[in-house]
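Novice: Provided below for reference: sequence and predicted model.
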There are 2 protein chains.
Amino acid sequence: MALASDESVPRKAPQFDDAFRDKLAELLAWRRDVRRFRADPLDEAELEALFDLAELSPSVGNSQPWRWVRFDGAAARAAVRASFARCNAAALADQSGGRAALYATLKLEGLDRAPAQFAVFCDRATAQGHGLGAATMPEALDYSVVAQIVAFWIAARARGLGLGWVSILDPADVAKAAGAPPDWRFVAYLCIGLPSEEHDVPELQRAGWQARTGRGRTVARV
Amino acid sequence: MALASDESVPRKAPQFDDAFRDKLAELLAWRRDVRRFRADPLDEAELEALFDLAELSPSVGNSQPWRWVRFDGAAARAAVRASFARCNAAALADQSGGRAALYATLKLEGLDRAPAQFAVFCDRATAQGHGLGAATMPEALDYSVVAQIVAFWIAARARGLGLGWVSILDPADVAKAAGAPPDWRFVAYLCIGLPSEEHDVPELQRAGWQARTGRGRTVARV
């Protein structure tokens, strides 16, 4: 796959057939939020290839506001684990009765083993895009970062890599550990590596926490 | 592609090969934010198939907080067009000099022709997921909706359908036109249809507004 070197020259759009669409459906069905990783290190060239693809993701005003900070150091990772432990204990305390017992059994993150970990931020102050599309909805910048993460996630799964998105964190803790500027908004902490198990049913459904419902597709017409 | 009927029975995970990954890379490269549509109506069965796939998308706590409201009626669509016109005029007034002249030439939405249009909301008050993962970051619910839209978008492109995401709107206007409950947060207004042109370079890059920069992949290590 090569990008056009001269964008004024029209290129023939690719065609996608049923066989590809079936495989894409399998990819989406088997893309899990992974919390159980093997400790094997990642192939750095593979990671770079995923970044190349993720950069093709849409962003409001073409602002490309995504900023990835890699968490490799022991101190930075310990700060994230401590933040998770605090936030998770508080979340457990907020559950009641049987829900609390069930919550306590859930594995909610792969911070202990995932070989590659990133905090992803949105640069709310970026000059790229010149503010287009973000005046009435500045959160569209954050959404652009989410869209990029999803492209990365899908492409990673196509290479057999798993990704786990951790949100049980205090954004201020992660921003501090990352040394993020004040204008950067914390979006996600990502654990990436080879999954130790593969499933097509979400872990929270298998654990009896929350099944898929199929509601919400089109709830009204106006 | 069929989902497991008994989720306790392990199923063999699919394999993805280089040919599939190359095609997926083409799909991501040619997935555009489309503003120029043909007026042909959509195949409703195709739309349903896309919703089936989008429902496989991840969500925090498996909360599935996405709520799609279809905008078919003349009054509802007129309300959105009026909101866009107001917000876009204000955005134009905020640009200065050459930027304002360039802004005025940009085509920023396909509201006039896209045969299918949806306002997508996040149900911030959903009981699904029981609050898991959303205590410290309630915005993770909104991000789950974005992730679902992206899965829909990618799958739509694989069927030759274009999607345009409109954010130059006042969320209050859209919520009112949709009759959305107060707890629903407006995430995106989507125009969907057959594109009248296909490109692998973003329209805002071709128009000289903002090029891709390749910055932001990994900006720091800690």
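Specialist: It's in. Numbers count the residues shown, from 1 in each chain, chains lettered A, B, ... in the order given.

Novice: what about the helix or strand harbouring A:C87, distance to the chain center?
Specialist: A:C87 belongs to helix A:74-94 when elements are defined using DSSP states H and E. Per C-alpha atoms, centre = their mean, to the nearest Å, the displacement of helix A:74-94 from the mean C-alpha position of its chain is 19 Å.

Novice: One more: stretch A:177-189?
Specialist: With C-alpha atoms, centre = their mean, you get 15 Å for stretch A:177-189.

Novice: is that stretch up against chain B anywhere?
Specialist: Yes. With C-beta under 8 Å from any C-beta of the partner chain as the criterion, chain B is reached by stretch A:177-189 at A:A177, A:A178, A:G179, A:V187, A:A188. Where you see a C-beta, it was placed from the backbone N, CA and C, and this is true even at glycine.

Novice: that older thread, give the rounded mean pLDDT of the helix holding A:C87.
Specialist: Averaged over helix A:74-94, pLDDT sits at 97.

Novice: List buried residues within the residues of stretch A:177-189 next to chain B.
Specialist: A:A177, A:A178, A:V187, A:A188 (16 or more other C-beta atoms under 10 Å in any protein chain shown).

Novice: Which ones among those lie within helices?
Specialist: A:A177, A:A178 (DSSP state H).

Novice: can you redo the buried ones among the residues of stretch A:177-189 next to chain B as a markdown table with distance to B:R21 and pLDDT?
Specialist: Compiled in a markdown table, these are given as follows (distance: C-beta to C-beta, whole Å; pLDDT from 0 to 100):
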| residue | distance to B:R21 | pLDDT |
| --- | --- | --- |
| A:A177 | 33 | 98 |
| A:A178 | 31 | 98 |
| A:V187 | 26 | 98 |
| A:A188 | 24 | 98 |
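
Novice: leaving aside the residues next to it on the chain, what's closest to A:A100?
Specialist: A:L92 (6.2 Å; C-beta to C-beta, 6 or more residues apart in numbering or on different chains).

Novice: where does chain A have low pLDDT?
Specialist: A:1-10 (pLDDT under 70).

Novice: Show me the helices in it, by range?
Specialist: Going by DSSP H, chain A shows helices at A:18-30, A:44-54, A:74-94, A:97-105, A:139-158, A:171-178, A:203-206.

Novice: now the fourth one, how far from the centre of its chain.
Specialist: From the chain centre to the centre of helix A:97-105 is a distance of 26 Å (C-alpha atoms, centre = their mean).

Novice: Can you pick out the most distant pair from the residues of stretch A:177-189 next to chain B?
Specialist: Largest separation among those by C-beta to C-beta: A:G179 and A:A188, giving 17.3 Å.

Novice: just checking, A:Q95 touches B:H130?
Specialist: Yes. A:Q95 is in contact with B:H130 according to C-beta atoms under 8 Å; the separation is 7.4 Å.

Novice: what's next to the helix holding A:C87, contact-wise?
Specialist: With contacts defined as C-beta atoms under 8 Å, 6 or more residues apart in numbering or on different chains, helix A:74-94 is touched by A:71, A:100, A:103-104, A:108-109, A:111-112, A:117, A:119, A:166, A:168-170, A:173-174, A:176-178, A:189, B:131-132, B:135-136, B:222.

Novice: Please indicate which of those are buried?
Specialist: Buried residues within the contacts of helix A:74-94, defined by neighbour count using 16+ other C-beta under 10 Å: A:71, A:103, A:108-109, A:111, A:117, A:119, A:166, A:168-170, A:173-174, A:177-178, A:189, B:131-132, B:135-136, B:222.

Novice: What about those residues, which are in strands?
Specialist: Of those, the ones assigned to strands by DSSP state E are A:Q117, A:A119, A:V166, A:Y189.

Novice: Can you tell me, leaving aside adjacent residues, what's nearest to the first one?
Specialist: Going back to what we said before, that points to A:Q117. What sits nearest to A:Q117 in space, not counting adjacent residues and going by C-beta to C-beta, 6+ apart, is A:F71, at 4.4 Å.

Novice: most centrally placed residue in chain A?
Specialist: For chain A, the residue nearest the mean C-alpha position is A:I149 (4.5 Å; C-alpha atoms, centre = their mean).

Novice: Could I get the buried residue list for stretch A:125-132?
Specialist: Per 16+ other C-beta under 10 Å, stretch A:125-132 contains these buried residues: A:T126, A:Q128, A:G129, A:H130, A:G131, A:L132.

Novice: Ends of it, what's the gap?
Specialist: Length of stretch A:125-132, first residue to last, C-alpha to C-alpha, to the nearest Å: 13 Å.

Novice: what residues does that stretch touch?
Specialist: Stretch A:125-132 has contacts (C-beta under 8 Å, 6+ apart) with A:59-65, A:141, A:181, A:183, B:91, B:94-95, B:99, B:103, B:106, B:108, B:204, B:209-210, B:213.

Novice: Just the buried ones from these, in PyMOL syntax?
Specialist: In PyMOL, this line selects whichever of the contacts of stretch A:125-132 come out buried by 16+ other C-beta under 10 Å:
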select buried, (chain A and resi 59+60+61+62+63+64+65+141) or (chain B and resi 91+95+103+106+108+204+209+210)
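
Novice: Pull the number of nearby residues for the closest residue to A:A220 other than its chain neighbours.
Specialist: Once flanking residues are discounted, A:A220 sits nearest to B:V69: 4.7 Å by C-beta to C-beta, 6+ apart. B:V69 has 25 neighbouring residues, counting by other C-beta atoms under 10 Å in any protein chain shown.

Novice: now A:T105
Specialist: What A:T105 shows, counting by other C-beta under 10 Å, is a neighbour count of 9.

Novice: so how far is stretch A:100-118 from its chain's centroid?
Specialist: Relative to its chain's centre, stretch A:100-118 lies at 15 Å (C-alpha atoms, centre = their mean).

Novice: for stretch A:104-121, same thing?
Specialist: Worked out by C-alpha atoms, centre = their mean, stretch A:104-121 lies 11 Å from the chain centre.

Novice: likewise stretch A:207-222?
Specialist: Offset of stretch A:207-222 from its chain centre (C-alpha atoms, centre = their mean): 21 Å.

Novice: can you list contacts of it?
Specialist: Residues from elsewhere that reach stretch A:207-222, judged by C-beta under 8 Å, 6+ apart: A:102-103, A:105-106, A:202, A:204-205, B:51, B:54-55, B:61-73, B:75-76, B:118, B:123, B:128-130, B:132, B:177-179.

Novice: quick one: buried residues of it?
Specialist: For stretch A:207-222, using 16+ other C-beta under 10 Å, the buried residues are A:W209, A:Q210, A:R212, A:G216, A:R217, A:V219, A:V222.

Novice: so, if you compare those residues, which one comes nearest to B:L27?
Specialist: Set against B:L27, the nearest of these by C-beta to C-beta is A:R217 (22.6 Å).

Novice: how many neighbours does the closest residue to A:A116 other than its chain neighbours have?
Specialist: Leaving out its chain neighbours, the residue that sits closest to A:A116 by C-beta to C-beta, 6+ apart is A:I192, at 4.3 Å. By other C-beta under 10 Å, 22 other residues sit near A:I192.
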